[in-house]
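Enquirer: what follows is a predicted structure for the sequence shown.
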Amino acid sequence: MPMIEVPGLPGINVARTGPAGAPPLMFLHPVGLDLTWWGHQIEEFSRDHDVIAFDMPGHGLSGKAADPASFEMMADVLHAVLMQLETGPAHLVGMSVGGMIAQKFALRQPELVRSLTLVATLCTFADPVRELLRERARVARALGMGEIARLSTERWFPPAFRQRRPDVLDRATTSLVSRDAVFHASMWDMISGLDLEGAIGAIASPTLVIAGTDDGNAPVSAGLKIANAITGASLKEMAGLGHFPPFESPLAFNALLREFLFRAETAPWTEPRFQGV
């Protein structure tokens, strides 16, 4: 598919597959990775959904933005993709920073959000954590992406998964070291400023929050905070998984997502679909 052009930004690489006219389903990837990591989900859901994913600026095959990253920039890119593809309201599935962008977008453009699935993500941070995130930006600038790759893979994946799937760690490392350190640092600066806790209560879309019980980056308590703030939202815990449930256990994740999408597409929009757990 040709690049999507966004005013003031480089070309955005987009993948789209699935039957025309099916419910649109958008996947938003984590920081440092790209749309190809959603491969299991694209294969599964393109059977009955209009599946879309894109590389954020500075990621994958998209160009690098001249300006530092911001949530406004990322929301603008998401809006441009939906508008240029003429999808109408879409189901948004965002993981980690992708989930943060999805929350921001749902507050800015609620008419374009059919449902939210927020995976391994947060709506705010305690001050000590913000400082750790700013330190990650400083490491990227001072030491480069090799050190970022080492730190990230240690925190992203539980020890048992790292031992079982060294190929996934190698893939993540390859992805990270290919990124521009300056723009990657600006992504961490962006993340460190996230504070949507007081705003997300306004989100009215059907919402599912998914958290891995072994996730040290976005713990279950962070997912519960989001689920409790959004009326009708629910939290689903995935036992033994870390920061990337869709990649660590794709079959179980896909089953959760499919059940949620079915309910979101068939239940009246004015009724809560789930109770927080």
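Expert: Sure, I can see it. Numbering: from 1, shown residues only.
Enquirer: for the stretch 1-150 of the chain, which spans come out with low pLDDT?
Expert: Within the stretch 1-150 of the chain, the ranges that satisfy pLDDT under 70 run 1-2.
Enquirer: strands of that one, residue ranges please.
Expert: Applying DSSP state E, counting those that start in this stretch to the stretch 1-150 of the chain gives strands spanning 14-17, 24-28, 50-54, 90-95, 113-119.
Enquirer: between the ones you listed, which one is nearest to Asp76?
Expert: Closest to Asp76 of the strands of the stretch 1-150 of the chain is strand 50-54 (C-beta to C-beta; 12.4 Å). Yep, even glycine has a C-beta here, placed from its N, CA and C like the rest.
Enquirer: CA atoms only for the closest one, dumped as PDB, please.
Expert: C-alpha atoms of strand 50-54 as PDB (Å, rounded to 0.1, in the frame of the first residue of the first chain):
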ATOM      1  CA  ASP A  50     -10.900  -4.800   7.800                       C
ATOM      2  CA  VAL A  51      -7.500  -4.900   9.600                       C
ATOM      3  CA  ILE A  52      -5.200  -1.900   9.500                       C
ATOM      4  CA  ALA A  53      -1.800  -1.300  11.100                       C
ATOM      5  CA  PHE A  54       0.800   1.400  10.600                       C
END
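Enquirer: flag every buried residue along that strand.
Expert: Buried residues in strand 50-54, defined by neighbour count with 16 or more other C-beta atoms under 10 Å: Asp50, Val51, Ile52, Ala53, Phe54.
Enquirer: name the nearest residue to the fourth one, ignoring sequence neighbours.
Expert: If I follow you right, that is Ala53. Spatial nearest neighbour of Ala53, excluding adjacent residues (C-beta to C-beta, 6 or more residues apart in numbering): Leu35 at 3.9 Å.
Enquirer: with Val31 instead?
Expert: Setting aside the residues directly before and after it, Val31 is nearest to Val97 in space (C-beta to C-beta, 6+ apart), at 4.5 Å.
Enquirer: just checking, that neighbour touches Trp188?
Expert: No: shown here, Val97 and Trp188 do not form a contact pair, counting by C-beta atoms under 8 Å, at 9.5 Å.
Enquirer: okay, and the common contacts of these two?
Expert: In terms of C-beta atoms under 8 Å, 6 or more residues apart in numbering, Val97 and Trp188 are both contacted by the residues Val31.
Enquirer: avg pLDDT for stretch 198-205?
Expert: The average pLDDT within stretch 198-205 is 96.
Enquirer: who's in contact with it?
Expert: So stretch 198-205 is contacted by 103, 106-107, 110, 113-116, 123, 226, 229-231 (C-beta under 8 Å, 6+ apart).
Enquirer: again, only this time at 7 Å
Expert: Gln103, Ala106, Leu107, Pro110, Val113, Arg114, Ser115, Leu116, Cys123, Ile226, Ala229, Ile230 (C-beta atoms under 7 Å, 6 or more residues apart in numbering).
Enquirer: turn the strands of the stretch 1-150 of the chain into CSV, including distance to Met73.
Expert: As requested, the strands of the stretch 1-150 of the chain are exported to CSV (distance: least, C-beta to C-beta, whole Å):
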stretch, distance to Met73
strand 14-17, 16
strand 24-28, 13
strand 50-54, 13
strand 90-95, 15
strand 113-119, 18
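Enquirer: right, so of the ones you listed, which gets closest to Glu135?
Expert: strand 90-95 (22.5 Å).
Enquirer: quick one: that closest one to chain centroid distance?
Expert: 7 Å (C-alpha atoms, centre = their mean, to the nearest Å).
Enquirer: and it, what does it pack onto?
Expert: With contacts defined as 3 or more C-beta pairs under 7 Å, 6 or more residues apart in numbering; DSSP states H and E, strand 90-95 has these neighbours: strand 24-28, helix 97-108, strand 113-119, helix 250-266.
Enquirer: so how many other residues sit close to the residue nearest to Val31?
Expert: Neighbour count of Val97, defined by other C-beta atoms under 10 Å: 26.
Enquirer: same question for His29.
Expert: 26.
Enquirer: hmm, it is touching Gly39, no?
Expert: No: counting by C-beta atoms under 7 Å, His29 does not reach Gly39; the two are 11.1 Å apart.
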